[in-house]
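Asker: give me a 3D structure for the following:
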Amino acid sequence: MSYFGTDGVRGRVGHAPMTVDFALRLASAAARVLAPNGGRVLIGKDTRLSGYMFESALEAGFVAAGVDVMLIGPLPTPGIAYMTQRLACSFGVVISASHNAYADNGIKFFDATGSKLSDDIEHLIERSIEGPVITQESQHLGRAIRIDRSRTQYQEFCASTIPAGMNLSGFKIVIDCANGAGYKVGPRVLADLGAEIVPIGCSPNGRNINDGCGSTAPELLQLTVPGVRAQVGVALDGDGDRVVMVDELGRCVDGDQLLYILATARKASGDLKGPVVGTVMSNLGLEHALTERGIEFRRAQVGDRYVLAMLNETGGTLGGETSGHILCLDKTTTGDGLVSALQVLAIMKTTGAGLAELTAPMRKYPQVLLNVRVARRFDPMAEPSVVAAAAAVESQFNGRGRIVLRASGTEPVIRVMVEGADAGLVKKGARDIAAAVEAAADATAAVEVDKSS
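Answerer: Numbering: from 1, shown residues only. Okay, the predicted model is just below:
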């Protein structure tokens, strides 16, 4: 059984693997692999109601295995990565399902350097899960303490990533924290830097995380920014590792556009190192705009771990995904929505330009992304009918479009992305391919039922 996906273990609460029993066994297995001789673990979470339950189960498993536990409460995922290193912990744990609805939750790990675990380490943990839960004798048990106030150290770190002496006075910023992990630190960092802030999505109740707010649903932010005459809007996702922004006209600025702003500014200042890395889902307009400005662009598989791997291979420091998961490796070790937003705000402050002006040179190609929900994941490119449908659409683009089909690594959906210069063809092509995927999924499910009968 493979429990780890592209970003830790994730699923619907109450269903395998997201149960209390599994969390206890996972903690024991992780302790066996990551801290075999004892050590210290930092546990943070987002604002989901189920976070309390999984926090308690993980705490019990680690303490029983002889690992000391530090509980920091709600804090963005990148904040846990930073504080894991800052507090000299053996490893860190985040309880979050990121941008998913509150009914889901997940558990992901960072090593002592604040980096995500390698596939090899995750495999070692998986192999240990089926083993017995460790319970040390009393004198060897771990201890647990709460360190909620330590989050100010992460706030100070975020503020330190913009040029020394710079502040955000004169900016009116609407910040939407998705009722998630960034609801305290996000507004405080911007306010401490002198910005006038208008907070929305900062009133979590355990069930409203990512609910009509945040980076996955920026419509309210788009209405609010021009409505209160703000210069810019910032939207984090539920665990704070993604960001999208809204310009002064109320238009959404996605991760591709933010990556363009960051890359061209670093190129102009001489600070850009190596190629800029996107993914197979990155808009073709980003690639063309960067190429025109002499900036090398490469594509990795979808998932920030693959972007990170390619950056490390090529010596690059800047990469990201359309969703707003941006890596600024010259500032931090992992994707950080708040830090990424601060880099863009610093460019606005330095240049005096608004987001609309900064994004204007990049022309986005029309792109449609459809998520086809399936009973179980499968490789769409292994289905002849889906391949034929994709080929038929691609032939109509005459080289001026792209098609990407892939199974999600975090939920049971097949993602159909179609992109090209002709918006009408893009929409129709996406629908045609999605219909083929649905038919293939139904056929696959029928075969499974037949086998089991």
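
Asker: residue 114 - that's part of a helix, no?
Answerer: No - applying DSSP: H, G, I helix; E, B strand; the rest coil, one finds residue 114 to be coil, outside a helix.

Asker: count of neighbours near it?
Answerer: Residue 114 has 20 neighbours, counted by other C-beta atoms under 10 Å. All C-beta spots, glycine's among them, are computed from the backbone N, C-alpha and C.

Asker: surely it meets residue 335?
Answerer: No - judged on C-beta atoms under 8 Å, residue 114 makes no contact with residue 335 at a distance of 11.8 Å.

Asker: and the helices in the chain, which stretches?
Answerer: For the chain, the helices defined by DSSP state H occupy 20-34, 51-64, 77-86, 119-129, 151-159, 185-192, 219-227, 255-269, 284-292, 304-314, 337-351, 355-359, 384-397, 423-452.

Asker: now for those helices, which one comes closest to residue 71?
Answerer: helix 51-64 (6.8 Å; C-beta to C-beta).

Asker: got the angle between that closest one and helix 20-34?
Answerer: 40 degrees (axes from the mean of the first three to the mean of the last three C-alpha atoms, to 10 degrees).

Asker: can you list the buried residues in helix 51-64?
Answerer: Within helix 51-64, the residues scored as buried using 16 or more other C-beta atoms under 10 Å are 51, 53, 54, 55, 57, 58, 59, 60, 61, 62, 63, 64.

Asker: with stretch 358-377 instead?
Answerer: Quick answer for stretch 358-377 (16+ other C-beta under 10 Å): 358, 359, 362, 364, 365, 366, 367, 368, 370, 372, 374, 377.

Asker: cool, and stretch 211-231?
Answerer: Per 16+ other C-beta under 10 Å, stretch 211-231 contains these buried residues: 211, 213-218, 220-222, 224-226, 230-231.

Asker: tell me which residues are up against that stretch.
Answerer: 99, 101-102, 171-174, 176-180, 198, 200-201, 210, 232-233, 235-238, 242-244, 246-252, 323-324, 337, 348, 354 (C-beta atoms under 8 Å, 6 or more residues apart in numbering).

Asker: so what's the gap between it and the chain middle?
Answerer: In terms of C-alpha atoms, centre = their mean, to the nearest Å, the centre of stretch 211-231 is set 19 Å apart from its chain centre.

Asker: what is the mean pLDDT for that stretch?
Answerer: Per-residue pLDDT values over stretch 211-231 give a mean of 97.

Asker: would you turn the buried residues of helix 51-64 into JSON lines with distance to residue 271?
Answerer: Below are these laid out as JSON lines (distance: C-beta to C-beta, whole Å):
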{"residue": "51", "distance to residue 271": "38"}
{"residue": "53", "distance to residue 271": "44"}
{"residue": "54", "distance to residue 271": "40"}
{"residue": "55", "distance to residue 271": "39"}
{"residue": "57", "distance to residue 271": "44"}
{"residue": "58", "distance to residue 271": "39"}
{"residue": "59", "distance to residue 271": "42"}
{"residue": "60", "distance to residue 271": "46"}
{"residue": "61", "distance to residue 271": "43"}
{"residue": "62", "distance to residue 271": "40"}
{"residue": "63", "distance to residue 271": "45"}
{"residue": "64", "distance to residue 271": "47"}
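
Asker: closest to residue 422 out of these?
Answerer: residue 51 (45.3 Å).

Asker: the buried residues of stretch 358-377 in strands, which ones?
Answerer: Counting by DSSP state E, the buried residues of stretch 358-377 place 367, 368, 370, 372 in strands.

Asker: tell me the one of the buried residues of stretch 211-231 nearest residue 440?
Answerer: Distances from residue 440 to the buried residues of stretch 211-231, taken by C-beta to C-beta, are shortest for residue 216, at 26.9 Å.

Asker: need the strands for the stretch 101-250 of the chain, in chain order.
Answerer: Counting by DSSP state E, counting those that start in this stretch, the stretch 101-250 of the chain has strands at residues 104-111, 144-146, 172-176, 196-200, 232-236, 243-246.

Asker: quick one: residue 184 and residue 149 touch, right?
Answerer: No - Residue 184 is beyond contact range of residue 149, at 11.3 Å (criterion: C-beta under 8 Å).

Asker: out of those two, which sits in the busier spot?
Answerer: Higher neighbour count among residue 184 and residue 149: residue 184, with 19 against 9, using other C-beta under 10 Å.

Asker: residue contacts, the spatially closest residue to residue 320 that is not a sequence neighbour?
Answerer: Distances taken as C-beta to C-beta, 6 or more residues apart in numbering place residue 326 nearest to residue 320, at 3.6 Å, with adjacent residues excluded. By C-beta under 8 Å, 6+ apart, the contact list for residue 326 reads 243, 255, 258, 259, 262, 318, 319, 320, 335, 336, 337, 340.
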